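Colleague: coordinates for the following, if possible.
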Amino acid sequence: MNKNDIMNCPLTEKVVNFNRGSDTTYYSIKVGEKEFEIFLCNSCLRNIQINSGTQHIFLSLMANGHWPVRSFIKGPDCSTTHHVADSESIYPNNYLESALYPKIPKEKMDNFFLYLFNLQKIDGELIEIDFGKETVWQKNYFKSVEECLYYLTGLKENDLIHYWHIEKNRYRYRVTHLGLNKAVQLQSDGNNSNQCFIAMAFSDEMKPYREAIKRSLSVTKFKHIIIDEEHLSSDKTIPDGILAGIKAAKFCVADFTHHRNGVYFESGYALGLGKPVIYLCRKDEFDKAHFDIKQLQHIIYNTPEELEKMLTAKIEAWIK
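Modeller: As a prediction, the model looks like this:
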């Protein structure tokens, strides 16, 4: 590789050394202690455009382990049949639409507070931290240490923490009693729950795939919500139960095999609430998918065993 073979990673804007093959451009990028292998589709290079101001989000997803170790990046209208072994094909802007990360200032503030709260070994512990370390502000979806410190000041102004400046970007802080109550409230919220809502066709044919999804959730320590297995109270209708179940879940798994209208509605409702959605479809059914969801990242599977393996890997990388 020639030393002059350098480029800016379109995902993160970091300068990287690359190799260009006949079908893909390849480079690796290190974020924190983790290294990621990135493949860019050569036929899409000019069409791989990232929404302005989102590069720091890709960095943060990588810093939090919410990005596949090997990814094949494509443009929105990619028609290549080439596949990179053991990689996940990703259309970047579509990926961000359903990725799990704080999208508005309140979510960023809550996420940052829970990060600081969870650094405690005992409640009320006095903790010293250097916010100048990239691993700290990158993990919390900030563009810079300055933005991180701005939100730190906000937590103090809301009396969720007290802090004492030591030097430069190094501080000592302690979570207040008000902060402890806030943490309890946030941890009981659906976005921080350990539940997943499953939307799929309910038929005998789909039972093996339903069980594969449930096994995958069990392995990754999530509980499932499937509306026909729920014991609804007498004053609750099935639509009430569906909406309540989605609100209580951290994320949604939507299997579009047989393309039931309910799956389209439930996954759309979850997405509207800002919850991440993992899209699934059996390979022989994918060509029937509506164009609105066809371009979204799907796990395309053939067998229950393949589905379980791929879904487990997706949850580990994307949700946990």
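
Colleague: flag the shaky bits of the stretch 51-200 of the chain, pLDDT-wise.
Modeller: Within the stretch 51-200 of the chain, the stretches with pLDDT under 70 are 188-192.

Colleague: which stretches of it form helices?
Modeller: 55-63, 92-98, 105-118, 134-139, 145-157, 177-187 (DSSP state H, counting those that start in this stretch).

Colleague: mean neighbour count, those: which tops it?
Modeller: Highest mean neighbour count among the helices of the stretch 51-200 of the chain (mean count of other C-beta atoms under 10 Å): helix 55-63, with a mean of 22. To be clear about C-beta, it is placed using only N, CA and C from the backbone, and glycine gets the same treatment.

Colleague: mind checking how far it is from the chain centre?
Modeller: 11 Å (C-alpha atoms, centre = their mean, to the nearest Å).

Colleague: ditto for stretch 220-229
Modeller: 19 Å.

Colleague: could you export that stretch as PDB, CA atoms only?
Modeller: Extracted as PDB, the C-alpha positions of stretch 220-229 are listed here (Å, rounded to 0.1, in the frame of the first residue of the first chain):
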ATOM      1  CA  THR A 220     -29.100 -11.400  25.000                       C
ATOM      2  CA  LYS A 221     -31.000 -11.000  28.300                       C
ATOM      3  CA  PHE A 222     -34.100  -9.300  26.900                       C
ATOM      4  CA  LYS A 223     -37.700 -10.300  27.700                       C
ATOM      5  CA  HIS A 224     -40.200 -10.600  24.800                       C
ATOM      6  CA  ILE A 225     -43.600  -9.000  24.400                       C
ATOM      7  CA  ILE A 226     -45.800 -10.800  21.900                       C
ATOM      8  CA  ILE A 227     -49.400  -9.600  22.000                       C
ATOM      9  CA  ASP A 228     -51.100 -13.000  21.500                       C
ATOM     10  CA  GLU A 229     -49.100 -14.400  24.500                       C
END
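
Colleague: list the contacts of it.
Modeller: Outside stretch 220-229, the residues that touch it by C-beta atoms under 8 Å, 6 or more residues apart in numbering are 194-198, 202, 210, 213-214, 217, 238, 241-242, 245, 248-250, 312, 315-316, 319-320.

Colleague: can you do 6 Å?
Modeller: If you take C-beta atoms under 6 Å, 6 or more residues apart in numbering as the criterion, stretch 220-229 is touched by 194-198, 202, 214, 217, 241-242, 245, 249, 315.

Colleague: how about the strands in the stretch 151-300 of the chain?
Modeller: 161-167, 170-175, 195-199, 223-225, 251-255, 277-282, 298-301 (DSSP state E, counting those that start in this stretch).

Colleague: out of these, which is the most enclosed?
Modeller: When the strands of the stretch 151-300 of the chain are compared using mean count of other C-beta under 10 Å, strand 251-255 is most buried, at a mean of 26.

Colleague: give me the sheet partners of that one and which way each runs.
Modeller: strand 195-199 (parallel), strand 277-282 (parallel) (DSSP bridges).

Colleague: just put the ones you listed in JSON lines and tack on distance to Lys103.
Modeller: As requested, those are exported to JSON lines (distance: least, C-beta to C-beta, whole Å):
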{"stretch": "strand 195-199", "distance to Lys103": "19"}
{"stretch": "strand 277-282", "distance to Lys103": "14"}
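
Colleague: out of the ones you listed, nearest to Leu100?
Modeller: In terms of C-beta to C-beta, the element of those nearest to Leu100 is strand 277-282, at 9.8 Å.

Colleague: pLDDT on the closest one, on average?
Modeller: Per-residue pLDDT values over strand 277-282 give a mean of 93.

Colleague: what are the contacting residues of that strand?
Modeller: Contacts for strand 277-282 (C-beta under 6 Å, 6+ apart): 98, 252-257, 267, 270-271, 296, 298-299, 314.

Colleague: please report how far the closest residue to Arg70 other than its chain neighbours lies from Pro208.
Modeller: If the residues on either side of it in the chain are set aside, Arg70 comes closest to Ser87, at 4.0 Å by C-beta to C-beta, 6 or more residues apart in numbering. The gap separating Ser87 from Pro208 is 27 Å, by C-beta to C-beta, to the nearest Å.

Colleague: between the two, which one's more packed in?
Modeller: Ser87 (17 against 12; other C-beta atoms under 10 Å).

Colleague: OK, contacts around the more buried one?
Modeller: Taking C-beta under 6 Å, 6+ apart, we find Ser87 in contact with 70-72.

Colleague: could you dump those residues to TSV with distance to His83?
Modeller: Output for the contacts of Ser87, formatted as TSV (distance: C-beta to C-beta, whole Å):
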residue	distance to His83
Arg70	11
Ser71	12
Phe72	7
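
Colleague: show only the entries of the residues you listed found in strands.
Modeller: Here DSSP state E is the test, and those give 70-72 as lying in strands.

Colleague: need the buried ones from these selected in PyMOL.
Modeller: Restricted to buried positions by 16 or more other C-beta atoms under 10 Å, the PyMOL selection for these reads:
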select buried, resi 71+72
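
Colleague: and which of the ones in strands among the contacts of Ser87 is nearest to Lys168?
Modeller: Ser71 (35.4 Å).
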